[in-house]
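> Take a look and give me a structure for this.
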Amino acid sequence: MQFELSTAHPDAAPLTAAIRALDPHARVILDAARGRLEVVASASSAQILDALQDIGCVATPLDKAVHISGGSTCCGHCG
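Numbers count the residues shown, from 1 in each chain. Reported below is the predicted structural model:
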């Protein structure tokens, strides 16, 4: 799941903590410069959105997958 964050240059630590409270094994990848977040977790998108909102970070799901460094959308053809 990928999300666009409302917070400019968000801090990864509270985002990760909020998501890992739902799923301790979640993989969280943040592109702080672009305000994008990728999450691989057993939690639903709605649960992740609620957890992020609880820490003051409004997010919206991305309709189309984008490349986030280290994320699963990498096709290997950059550059």
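> for the strand or helix carrying residue 19, packing partners?
In this structure, residue 19 sits in helix 12-20 according to DSSP states H and E. Secondary-structure packing of helix 12-20 (3 or more CB pairs under 8 Å, 6 or more residues apart in numbering; DSSP states H and E): strand 27-31, helix 45-54. Placement of C-beta: from N, CA and C, glycine included.
> how about the nearest residue to residue 29, chain neighbours excluded?
Spatially, and ignoring its direct neighbours in sequence, residue 29 is nearest to residue 38 (4.3 Å; CB to CB, 6 or more residues apart in numbering).
> can I assume that neighbour is in contact with residue 19?
No. Using CB atoms under 8 Å, residue 38 makes no contact with residue 19, being 10.8 Å away.
> Can you check which residues contact both of those two?
residue 28 (CB atoms under 8 Å, 6 or more residues apart in numbering).
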